[in-house]
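> Provided below are the primary sequence and the corresponding predicted coordinates.
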Amino acid sequence: MPRAVVTGGAGFLGSHLSDLLISHDFDVVVLDNLITGNTRNIAHLMGNPRFRFVHHDVTEYLVVQGEVDIVFHFASPASPVDYLMYPIQTLKVGSLGTHKALGLARSKNCRFLLASTSEVYGDPSVHPQTEDYWGNVNPVGPRGVYDEAKRFAEAMTMAYHRAHQVDTKIVRIFNTFGPRMRLSDGRVVPNFIAQALRGEPITIYGDGSQTRSFCYVSDLIDGIFRLSQSNECGPINIGNPTEMTIKQFAEEIIRATNSSSTLTFQDLPVDDPRQRRPDITLAQTRLGWAPKVSLREGIERTIEYFKQVI
């Protein structure tokens, strides 16, 4: 059976990736220091003989015994609340952690897939964002710790590809939502759903005219798996191109939860992107991928999850 290492595998996306890999008959080794991940996300896998969890900081020396077919590097704080709370750790996992994970892939002569982000585009001046756009990032702003960590990780990944012939792949992940998101992670989906279910005012930063596009987690993981099994190097955008304003999204959450919540507005955070929508032409033409789950269906599934954890 093929064997995969997933760094950050106890997190939101890493745990869903582990589920998919197990369903495709992979042996899976998850490495996570649990700064933002949680073993609850992988508890259902703990008894599976093809699954192993190792509590480990991937910025430290990285050793995995036995053969490995692919390394998925997903370890990183990923929400503004997290990377503003852990700025040094975010920079370290993007730099040292990526270096260690690439070193593991090189030593095992196996594939490597980097989970990058749409945040490498910063506050974009090109819309929708295509993979050949270099971005508009403030390297010294508060969000720079995440944006630049991922940009460095991409550069390191391509250096190993060119200098050491490691079979590397880069996915740029756009806004994703679904079960196992943390209520307190500060992102718009858990914030809005939690406030709506509690009947609290829904907090919108800015005037709500900034846009986002939301991809359901199963669609995203399917796209990432397709990339991992392809001959494509990337970077390739994976996300849902259906775009809406934050205010429209809040109103959709109120409708879906049948909530009495009203809207309240606060100042927009520094360097918050005004618009975000992926151009997924490469994913469609080279991977045969496109999102399948509608926003309404995805929201309903996610609301059911949050009803159980609130």
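Cool, the structure landed.
> Arg198: neighbour count?
When neighbours are defined as other CB atoms under 10 Å, Arg198 has 12 of them. All C-beta spots, glycine's among them, are computed from the backbone N, C-alpha and C.
> that one touches Ile310, doesn't it?
Yes - taking contacts as CB atoms under 8 Å, Arg198 lies within contact range of Ile310: 7.1 Å.
> for Ser107, grab the count of nearby residues.
Neighbours of Ser107 (other CB under 10 Å): 12.
> mind giving me the domain ranges of this structure?
3-177+215-239+278-287, 188-211+243-276+295-309 (automatic domain parsing).
> so which of those domains is the most surrounded?
domain 3-177+215-239+278-287 (a mean of 20; mean count of other CB atoms under 10 Å).
> out of the domains of the chain, point me to the one whose mean pLDDT is lowest.
Among those, domain 188-211+243-276+295-309 has the lowest mean pLDDT, at a mean of 93.
> report the contact partners of Pro235.
116, 131, 154, 170-172 (CB atoms under 8 Å, 6 or more residues apart in numbering).
> kindly report the same for Val120.
Counting by CB under 8 Å, 6+ apart, Val120 touches 135, 137, 147, 150-151, 154, 172.
> run the last query once more with 7 Å
135, 147, 150-151, 154, 172 (CB atoms under 7 Å, 6 or more residues apart in numbering).
> and which of those is nearest Asp25?
Using CB to CB, Arg172 is the member of the contacts of Val120 that sits closest to Asp25, with 27.7 Å.
> isn't there a strand covering that closest one?
Yes - looking at Arg172 with DSSP: H, G, I helix; E, B strand; the rest coil, it is inside a strand.
> that one pairs with what?
Ser116, Asn237 (DSSP bridges).
> ok, it - contacts?
Counted by CB under 7 Å, 6+ apart, Arg172 has contacts 116-118, 120, 131, 235-237.
> can you do 10 Å?
By CB atoms under 10 Å, 6 or more residues apart in numbering, the residues touching Arg172 are 114-121, 129, 131, 150, 154, 234-239, 278, 283.
> restricted to helices, list those.
Of the positions in these, 150, 154, 283 sit in helices, assigned by DSSP state H.
> closest to Thr90 out of those residues?
Nearest to Thr90 among these, with distances taken as CB to CB, is Lys150, at 9.3 Å.
> quick one: contacts for that closest one?
Per CB under 10 Å, 6+ apart, neighbours of Lys150: 76, 78, 90, 94, 98, 114-120, 137, 170, 172-173.
> what about 7 Å?
94, 116-117, 119-120.
> returning to that earlier point: any chance of the ones in helices among the contacts of Arg172 in JSON lines with distance to His55 as columns?
Formatted as JSON lines, the ones in helices among the contacts of Arg172 follow (distance: CB to CB, whole Å):
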{"residue": "Lys150", "distance to His55": "24"}
{"residue": "Glu154", "distance to His55": "27"}
{"residue": "Ala283", "distance to His55": "34"}
